[in-house]
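1. Okay, predicted coordinates and the sequence, questions at the end:
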Amino acid sequence: MTVLHFINNRFVPPLEGETFETLNPATNQPITAVASGSAADVDAAVAAARKAFDEGPWPRMKAEERAAALRRIGELIEKHADEIADIEIMDSGVPASQIKKGAIPRAAQNFYFFADMATKITGESFPKNGQFMNYTIRKPVGVAGLITPWNVPFMLETWKVAPALAAGNTCILKPAEWAPLSANKLAEIIQEADLPPGVFNLVHGIGEQAGAALVAHPGVQLISFTGETSTGKEILRNGANTLKRFSMELGGKSPTIVFEDADLERALDAAIWQVYSLNGERCTAGSRLLLQQSIASQFLERLAERVERIVVGDPTDMRTEVGPLIHPEHWQRVKSYIDVARQEGATVRVGGDRPPHLPEGNYFQPTLITGAHNRMRVAQEEIFGPVLVVITFKDETEALKMANDIRYGLAAYVWTRDLTRGHRVAEAIESGMVWINSQNVRDLRTPFGGAKESGIGREGGHYSFDFYTEITTIHVALGQHRIPKLGAQV
Ligand code: NAD
């Protein structure tokens, strides 16, 4: 049975009848056919969202009512958590433990959090200054286009849908074509939560077709995009003619810096988790490990031992730590970087290929590359797989120079017991987010996003509303201020 679009609260087939297949990454067998959106499908979704925005109750209802609807969605995600997880694991290959304990609970949390935030959208007032007082109000912007990647699809979809709707916008979600299935569970849940028709719409399809049509559509005011930096640049170009507002959450090659005085045990656990969880398909992966020379060989020994023992296998097994990569094309891309590493003179100390016991599917061994330097391609380019590149440094100055010598700036992780240094380094790193003595633990109130080529703008907490709302400034004359009289000369 074909997986359909969702427009105006109804599941609908593609207008031009096109479909594509989604594969199970563990076997590369087709799971099902999925509607492939054309410009006509996007038109229909935009028309529904436009009508819901211009005439429907959603942008006009009390914030408390919108909040209650979002809370219902959160509850329904929890109610259907097992089913969503099963679909997500089958379609994305991310291990069950990380989907069930991490991504799905977080997806519900996104709706609870932005339900609360919906009731806290405020303006500013600028008390009387001369004969004026001024104040601002925040209004929904209009129709939001939300374009998401395949790495943790359901969670990332909710990360955009929840704040877009909380602010009173209507939206069209275009999920990634390599893991589209769980988005339909979100549509079913939103149908069950009884949102007004046209508030949430879903159009599946290929990025260059459905995604591009959404970006170019004059009826869409906002594009929130998460994906590769090169795609982000293409989207900015394609959206320029209709002058949209963009939020760009893009790629990364984030450093984990371990100083000699760090709690090495915890730093080791975090360095491993940070790059090998989610199959290494993680935007904030600490994929460059910068190790201080004085502790490097001892740290590396233990690291190599642990990486060799990471359990790779069937993503439905709760003991699996690394599952299959999303797609055979992506497997080839990750593999090509192993060849690049060797050509560049680095050492593939652990892994580097398919695990011998898993001949089918897109399995890739957790891989550790040593003997690298920061200008190598494997240290500069996002591999987006279970591959950690280790580089050593002499002192803080050199560590910082390496950390910043890259076009990306999404996340960074600093390990040191010297907190003065921790803060100093965190401030000097060119990055949207820095964690000190921590793995990537997100507080939903904080801004999320990247510096440099890792993104434009921030989402999260009230920062989401800088993107998803329009500010109107209202200037109020309180007295008889002077109005110049043109054309009144005697
Ligand atoms: P991608 O850029 O290939 O695709 C992302 C989405 O964009 C998909 O839905 C795709 O169909 C769509 N798309 C592709 N071409 C398009 C076009 N021309 N117009 C409109 N839409 C188009 O990314 P991916 O391979 O799905 O995901 C991996 C990338 O996402 C990595 O670079 C990763 O770092 C990044 N990512 C970033 C964050 C973050 O928050 N910064 C989070 C997760 C993933």
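-> Everything's here; your move. Residues are numbered from 1 along each chain as shown.

2. Just the endpoints, please. Distance across stretch 243-256?
-> The separation between the terminal residues of stretch 243-256, taken as C-alpha to C-alpha, to the nearest Å, is 37 Å.

3. Using neighbour counts, pick out the buried residues of that stretch.
-> When neighbours are counted by 16 or more other C-beta atoms under 10 Å, the buried residues of stretch 243-256 are found to be 244-256. From N, CA and C alone the C-beta is placed, and that goes for glycine too.

4. do you know how far residue 254 is from residue 424?
-> 19 Å (C-beta to C-beta, to the nearest Å).

5. Repeat that for residue 369.
-> Separation of residue 369 from residue 424 (C-beta to C-beta): 29 Å.

6. Just want to know which of the two has more residues nearby.
-> Taking residue 369 and residue 424 together and counting by other C-beta atoms under 10 Å, residue 369 has the greater number of neighbours (28 against 15).

7. contacting residues around the more buried one?
-> In this structure, residue 369 makes contact with 338, 341, 346-349, 378, 387-390, judged by C-beta atoms under 8 Å, 6 or more residues apart in numbering.

8. at 6 Å what do you get?
-> When the contact criterion is C-beta atoms under 6 Å, 6 or more residues apart in numbering, the partners of residue 369 are 341, 346, 348, 378, 389.

9. Model confidence for it, exactly?
-> On the pLDDT scale, residue 369 is placed at 98.

10. Let's verify it: helix, strand, or coil?
-> strand (DSSP: H, G, I helix; E, B strand; the rest coil).

11. Report the beta-bridge partner residues of it.
-> The residues listed as beta-bridge partners of residue 369 by DSSP bridges are residue 348, residue 389.

12. Look up how far residue 388 lies from it.
-> Here the distance between residue 369 and residue 388 works out to 7 Å (C-beta to C-beta).

13. repeat for residue 378
-> Residue 378 is 10 Å from residue 388, where distance means C-beta to C-beta.

14. Neighbour count: those two, which is higher?
-> Shown here are residue 378 and residue 388; by other C-beta under 10 Å, residue 388 has more neighbours (27 against 24).

15. Assess the claim that that one and residue 368 are in contact.
-> Yes - with contact defined as C-beta atoms under 6 Å, residue 388 counts as touching residue 368 (5.4 Å).

16. Break this structure into its domains for me.
-> Following automatic domain parsing, the chain resolves into domains at 5-250+454-475, 255-436.

17. got JSON lines for the ones you listed, with distance to residue 490 too?
-> Formatted as JSON lines, these follow (distance: least, C-beta to C-beta, whole Å):
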{"stretch": "domain 5-250+454-475", "distance to residue 490": "26"}
{"stretch": "domain 255-436", "distance to residue 490": "62"}
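
18. Now residue 471: phi and psi?
-> phi -100, psi 130 (degrees, to the nearest 10).

19. what's around it, how many residues?
-> Here the count is done by other C-beta under 10 Å, and residue 471 has 12 residues near it.

20. now swap in residue 363 and tell me
-> A count of nearby residues for residue 363, using other C-beta under 10 Å, gives 25.

21. Let me know which of the domains of the chain is the nearest to residue 445.
-> Counting by C-beta to C-beta, residue 445 lies closest to domain 5-250+454-475 out of these; the figure is 4.1 Å.

22. Tell me the span between the first and last residue of that closest one.
-> This stretch, domain 5-250+454-475, spans 44 Å end to end (C-alpha to C-alpha).

23. Let me know the average pLDDT across that domain.
-> Within the predicted structure, the mean pLDDT of domain 5-250+454-475 is 98.

24. Pipe the buried residues of stretch 243-256 into TSV and attach secondary structure and distance to the ligand per row.
-> TSV is the format used below for these (DSSP: H, G, I helix; E, B strand; the rest coil; distance: C-beta to the nearest ligand atom, whole Å):
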residue	secondary structure	distance to the ligand
244	coil	12
245	strand	16
246	strand	11
247	strand	10
248	strand	8
249	strand	3
250	coil	5
251	coil	3
252	coil	5
253	coil	9
254	coil	10
255	strand	15
256	strand	16
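
25. What is the nearest of those residues to residue 463?
-> For these, the minimum distance to residue 463 (C-beta to C-beta) is 9.9 Å, reached by residue 247.

26. how about the residue nearest to residue 393 when sequence neighbours are not counted, phi and psi?
-> Nearest non-adjacent residue to residue 393, counting by C-beta to C-beta, 6 or more residues apart in numbering: residue 399, 4.4 Å away. Listed backbone geometry of residue 399 is phi -60, psi -40, with angles given as degrees, to the nearest 10.

27. other SSEs contacting the helix or strand hosting residue 85?
-> Element membership of residue 85, judged by DSSP states H and E, is helix 81-92. Taking 3 or more C-beta pairs under 6 Å, 6 or more residues apart in numbering; DSSP states H and E as the contact definition, the neighbouring helices and strands of helix 81-92 are helix 104-118, helix 181-192.

28. repeat that with 10 Å
-> Using 3 or more C-beta pairs under 10 Å, 6 or more residues apart in numbering; DSSP states H and E as the contact criterion, the secondary-structure elements in contact with helix 81-92 are strand 19-23, strand 30-35, helix 63-79, helix 96-98, helix 104-118, helix 153-166, helix 181-192.

29. residues in the stretch 101-250 of the chain within reach of the ligand, list them.
-> Counting by C-beta under 6 Å from any ligand atom, the residues of the stretch 101-250 of the chain lying close to the ligand are 147-151, 156, 174, 176-177, 207-208, 211-212, 215, 226-228, 231, 234-235, 249-250.

30. swap the cut-off to 8 Å and go again
-> Near the ligand, the residues belonging to the stretch 101-250 of the chain are 147-152, 156, 174-178, 205-208, 210-212, 214-215, 225-232, 234-235, 238, 249-250 when assessed by C-beta under 8 Å from any ligand atom.

31. Going through the residues you listed, which ones are buried?
-> Neighbour counting over those (16+ other C-beta under 10 Å) leaves 147-152, 156, 174-178, 205-207, 210-212, 214-215, 225-229, 231-232, 234-235, 238, 249-250 as the buried ones.

32. from those, which ones fall inside strands?
-> For those, the ones inside strands are 147, 174, 225-226, 249, with DSSP state E as the criterion.

33. Farthest-apart pair in those residues, please.
-> The largest separation in these, counting by C-beta to C-beta, is between 174 and 249 at 14.7 Å.

34. count of neighbours near residue 444?
-> When neighbours are counted by other C-beta under 10 Å, residue 444 registers 18.

35. That one contacts residue 107, doesn't it?
-> No - no contact is recorded between residue 444 and residue 107 when judged using C-beta atoms under 10 Å, the distance being 11.8 Å.

36. could you list every residue that touches residue 349?
-> Listed by C-beta atoms under 10 Å, 6 or more residues apart in numbering, the contact set of residue 349 reads 300, 303-304, 307-308, 367-371, 388, 390.

37. Over to residue 158?
-> Each residue near residue 158 by C-beta under 10 Å, 6+ apart is listed here: 73-74, 77, 103-104, 106-111, 114, 148, 173, 182, 186, 189.

38. that older thread, now do the shared contacts for residue 369 and residue 388.
-> By C-beta under 10 Å, 6+ apart, residue 369 and residue 388 have these common neighbours: 289, 349-351.

39. any idea which of these is closest to the ligand?
-> The ligand has its nearest neighbour among the shared contacts of residue 369 and residue 388 in residue 289, at 17.6 Å by C-beta to the nearest ligand atom.

40. any idea which element that closest one lies in?
-> Secondary structure assigned from DSSP H and E places residue 289 in strand 288-292.

41. Following element in sequence after that strand, please.
-> Sequence order places helix 293-309 as the next helix or strand after strand 288-292, per DSSP H and E.

42. List of residues touching that next one?
-> Contacts to helix 293-309, defined as C-beta under 10 Å, 6+ apart, come from residues 258-262, 264-265, 267-269, 271-272, 275-276, 289-292, 321, 349-351, 365-368, 370, 386, 388, 390-395, 398.
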